[in-house]
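Enquirer: Below are the sequence and a predicted model for it; my questions follow.
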There are 2 protein chains.
Amino acid sequence: MKIIDIKDKFSLFSEFWSPKIVGELNGQYVKLAKLKGEFVWHQHENEDELFMVVEGKLTIQLRDQDIKLSKGQFFIISRGVEHLPVAEEECHVLLFEPKTVLNTGDVMNDRTVDNLEKI
Amino acid sequence: MKIIDIKDKFSLFSEFWSPKIVGELNGQYVKLAKLKGEFVWHQHENEDELFMVVEGKLTIQLRDQDIKLSKGQFFIISRGVEHLPVAEEECHVLLFEPKTVLNTGDVMNDRTVDNLEKI
């Protein structure tokens, strides 16, 4: 058990779209990620996923609407809902989701990171 | 699915030590609470609990050390670990924990809130 300082943790990495594990509890991970640009459309069949914006702005495109998030806001994407995260400028997010989540969900491509680093 | 603005949610209530549910995912709740003063020693037998400080400072006393948290920091208390949250000044926290968590854990007293409000 240790104190996690979110800003300090963000200072430890620079790559985009590569979530880092900063906490684990009850079968869930707390992750931090830096986002910039557009990700890939995907969904998580069995997991709900929480995006909390820590710095910057994030748009989560859904098939029927755009969810625009600012610092201090979060959004829970229910399992099975296709989504596309887009950050026009660099954005820092905290994710809370089951340990089983793969970042690209049902899609496997060059954006897939299947061996997440703990920092 | 809706956008949750954390500061807006905190403006909706004023009572201390009465967590409000602001999100639900994967059998877990996201809760917000305002803390001031000293709570009661307790533990959660089957649940790990995350405290994230959104505003102010929080001390989580453990039996062998004091964990001092500031804004932007979080701490995960493993199941079975006795703890006593203490906030000298008003403090706002975000909690991530299983839906089954009772605020006073293994203790039932006048601080127990067993029917949490969703806001």
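Expert: It's in. Numbers count the residues shown, from 1 in each chain, chains lettered A, B, ... in the order given.
Enquirer: Every contact and neighbour count from this point should use C-alpha atoms.
Expert: Will do.
Enquirer: can you tell if stretch A:72-81 touches chain B?
Expert: Yes: counting by Cα under 8 Å from any Cα of the partner chain, chain B has neighbours in stretch A:72-81: A:72-78.
Enquirer: Just among these, which is most surrounded?
Expert: Within the residues of stretch A:72-81 next to chain B, neighbour counts (other Cα atoms under 10 Å in any protein chain shown) peak at A:Phe74, which reaches 24 neighbours.
Enquirer: Quick check, it in contact with B:Asp5.
Expert: Yes: A:Phe74 lies in contact with B:Asp5 (Cα atoms under 8 Å); the separation is 6.6 Å.
Enquirer: near chain B, which residues of chain A show up?
Expert: Within chain A, the positions near chain B by Cα under 8 Å from any Cα are A:1-7, A:23, A:25-26, A:47-50, A:67, A:69, A:72-78, A:97-98.
Enquirer: ok, now with 7 Å
Expert: A:1-6, A:25-26, A:47-48, A:72-77 (Cα under 7 Å from any Cα of the partner chain).
Enquirer: secondary structure element for A:Lys36?
Expert: strand A:28-38 (DSSP states H and E).
Enquirer: Pull the residues that contact the lowest-mean-pLDDT helix or strand in chain A.
Expert: Every helix and strand in chain A was compared by mean pLDDT, DSSP states H and E; the lowest is strand A:117-118, with a mean of 94. Residues outside strand A:117-118 that contact it (Cα atoms under 7 Å, 6 or more residues apart in numbering or on different chains): A:20-22.
Enquirer: Give me the subset of those lying in helices.
Expert: Assignment to helices by DSSP state H places none of the contacts of strand A:117-118 there.
Enquirer: most surrounded residue in these?
Expert: Neighbour-wise, the contacts of strand A:117-118 (other Cα under 10 Å) top out at A:Lys20, 23 neighbours.
Enquirer: my guess is it contacts A:Lys31, does it?
Expert: Yes: in this structure, A:Lys20 is within contact of A:Lys31 by Cα atoms under 7 Å, at 5.2 Å.
Enquirer: Longest strand in chain A, by number of residues?
Expert: In chain A, with assignment by DSSP state E, the single longest strand is strand A:83-98.
Enquirer: what's the angle from that one to strand B:83-98?
Expert: 130 degrees (axes from the mean of the first three to the mean of the last three Cα atoms, to 10 degrees).
Enquirer: tell me the secondary structure for A:Lys9?
Expert: helix (DSSP: H, G, I helix; E, B strand; the rest coil).
Enquirer: residues contacting the residue nearest the centre of chain A?
Expert: Nearest to the mean C-alpha position of chain A, counting by Cα atoms, centre = their mean, stands A:Leu95 at 4.7 Å. Contact analysis of A:Leu95 by Cα under 7 Å, 6+ apart lists A:30-32, A:50-52.
Enquirer: Please apply the same query to A:Asp48.
Expert: Counted by Cα under 7 Å, 6+ apart, A:Asp48 has contacts A:76-79, A:97, B:25-26.
Enquirer: let's go with 6 Å and repeat that
Expert: A:77-79, B:25-26 (Cα atoms under 6 Å, 6 or more residues apart in numbering or on different chains).
Enquirer: rewinding a little: same for the strand holding A:Lys36, what does it pack against?
Expert: Strand A:28-38 is packed against strand A:20-25, strand A:83-98, with contacts defined by 3 or more Cα pairs under 6 Å, 6 or more residues apart in numbering or on different chains; DSSP states H and E.
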